[in-house]
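K.L.:
Provided below for reference: sequence and predicted model.
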Amino acid sequence: MTPTEALPKVLERIDADLETSLARLFDFLKVQSISTDPAYADQCRAAAEFVAKDLATLGLKSEVRPTGGHPVVIAKPEKANGGPRVLFYGHYDVQPVDPLELWTTPPFDPRIEDLGNDRKIIVARGACDDKGQLMTFVEACRAWKAVTGKLPIDITMMIEGEEECGSKSLFSFVKDNADEFKLDMALVCDTAMWNQTTPSVTTSLRGLVYEDVTVTAADRDLHSGLFGGAAANPIRVLTRALAAIHDDNGRITIPGFYDGVPELPDDIKADLKALNLTAEEFLGQIGLKIPVGEKDRMLIEMISTRPACDVNGIIGGYTGEGAKTVIPSQAKAKVSFRLVGDQDPEKVRDAFRAFIRARVPADCKVEFENHGCAPALQLPFDSPALVKARKALQEEWGHKAVTVGAGGSIPIVGDFKRVLGMDSIMVGFALDDDRVHSPNEKYDLTSFHKGTRSWARILAALAG
């Protein structure tokens, strides 16, 4: 029986097994695997062991492998099935639950809540990010194993425990074991739907350059009554330089910044335009209404496929209660750039530093500290795997799967490309209202159920 012939029975199995699938997910959600807090190290280990034991039931050789931090779970086929060899990536760690008092029920006591209008949700820390998403793929594999006795393609799973604190150990783990994980492609389920009924495939991730900049003027704080009007004020110097980064049309003025920024293909741009994302819909929910990006670009381009620069923090001088008339000696800012296409992070960093230096007086000093230089990632729009995934998603959801760019970053996916030479198919079923990283995190029951069915279809499509 070919995968195509087996697929209807696999989907039937997923439907019939939904309650037991939820029970397995709930057991997973009860593990308090908060990776950022050392007090939960044993719980993170327990989560890794939970995952390893579960993956072993799929006929995979599963092991918990040590890293410099929390362990990573690796599960491999016992023998080759043929077809494409894929690496599935997910993470078992979760965010802290603070502030605890804002949770309506205990965060590690998962429950189903009925919202009415045939909408039910799973509420718990990790329900969406990433335990619920991870288990959609695992449960799809379980159904394939139950119906056919094997997985439809060769699948290696890499489930880490430090995504919520930067994946620092995983970068070196992948590099040290690169030959082991150089497969045909990666599959990632840590992304989102376009809306409740429209699936999406994330085809690009914006890169990141993050800089601290410090301007120092006088050798000490000064009395503004004595020195005001004559001495350089580093807050003024720094804010003028930062304000010059954008022009009145929202474009970034740093020379060479747009080198390597591509234009979208016409058909992809048409798909994005058809989504009709409005400022009222996107910005209205946060109390704003006027986009500040490039004025000749669609809003959806501004947040996903175009580069951006933001000042993430700024401080200088006296910030306590009451008045203190000083000219500070220093002012500091944190500045991030989101990159797209072939923008070179190091060149952007160097151009930014030159831009700021040119605007600092000769008797002042400017210093920089870098916190990251990651390039953007772009999946080819004509990728055969992408075409198959979109078709499979459309068959499950009844709506064309849109290709979207993610405004944020999944840094390890960049290493899959740079270190392992693999493109990644990024499919997820999160929704904008899932309260990821916030109290009362949730995951729609439909996202879990149809997400599992979606992965079953994608695996059949990839098997060909």
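P.N.:
Received it, and whenever you're ready, just let me know what you need.

K.L.:
wouldn't Phe448 be in contact with Thr136 here?
P.N.:
Yes - counting by Cβ atoms under 8 Å, Thr136 is a contact partner of Phe448 at 6.1 Å. For glycine as for every other residue, the C-beta is placed from the backbone atoms N, C-alpha and C.

K.L.:
Quick check on these two: which one has the bigger neighbour count.
P.N.:
Thr136 (27 against 24; other Cβ atoms under 10 Å).

K.L.:
Wait, a helix at the more buried one?
P.N.:
Yes - per DSSP: H, G, I helix; E, B strand; the rest coil, Thr136 lies within a helix segment.

K.L.:
Give the full set of residues in contact with it.
P.N.:
Cys189, Phe429, Ser447, Phe448, Gly451, Thr452, Ser454, Trp455 (Cβ atoms under 8 Å, 6 or more residues apart in numbering).

K.L.:
Let me know how buried the first one is, in neighbour terms.
P.N.:
Right, Cys189. For Cys189, the count of nearby residues is 25 (other Cβ under 10 Å).

K.L.:
So the protein: which segments form each domain?
P.N.:
3-205+376-463, 207-261+307-374 (automatic domain parsing).

K.L.:
Give the residues shared as contacts by Phe448 and Thr136.
P.N.:
Phe429.

K.L.:
is it true that Ala75 lies in a helix?
P.N.:
No - Ala75 is assigned strand when assessed by three-state DSSP, not a helix.

K.L.:
With Leu151 as the reference, measure out to it.
P.N.:
Separation of Ala75 from Leu151 (Cβ to Cβ, to the nearest Å): 11 Å.

K.L.:
now swap in Gly228 and tell me
P.N.:
Taking Cβ to Cβ, one finds Gly228 at 72 Å from Leu151.

K.L.:
Mind checking the pLDDT average for the strand or helix carrying Phe416?
P.N.:
Element membership of Phe416 [criterion: DSSP states H and E] is helix 411-418. On average, the pLDDT along helix 411-418 is 88.

K.L.:
Show me how far it is from its chain's centre.
P.N.:
Remark: helix 411-418 is offset 12 Å from the chain centroid, using Cα atoms, centre = their mean, to the nearest Å.

K.L.:
so the most far-flung residue of the chain relative to its centre, which of the three states?
P.N.:
The outermost residue of the chain relative to its centre, with distances by Cα atoms, centre = their mean, is Leu226 at 50.7 Å. Here Leu226 takes the helix state, with states given by three-state DSSP.

K.L.:
Check the burial of Ser204 by counting its neighbours.
P.N.:
When neighbours are counted by other Cβ under 10 Å, Ser204 comes out with 22.

K.L.:
ugh, wrong one, Ala230
P.N.:
Using other Cβ under 10 Å: Ala230 sits among 8 other residues.

K.L.:
tell me the SS of it?
P.N.:
Reduced to three states by three-state DSSP, Ala230 is coil.

K.L.:
so what's the residue minimising distance to the centre of the chain closest to, chain neighbours aside?
P.N.:
Note on the chain: the residue nearest the mean C-alpha position is Ile410, at 4.4 Å, using Cα atoms, centre = their mean. Once flanking residues are discounted, Ile410 sits nearest to Leu205: 5.7 Å by Cβ to Cβ, 6 or more residues apart in numbering.

K.L.:
Quick check: beta-bridge partners of that neighbour?
P.N.:
Leu377, Ala406 (DSSP bridges).

K.L.:
what's the answer for the one 4 residues further on, then?
P.N.:
Partner residues in beta bridges with Val209, using DSSP bridges, are Phe337, Cys373.

K.L.:
Name all residues that make contact with Thr305.
P.N.:
So Thr305 contacts Ser204, Leu264, Leu272, Val340, Gly405 (Cβ under 8 Å, 6+ apart).
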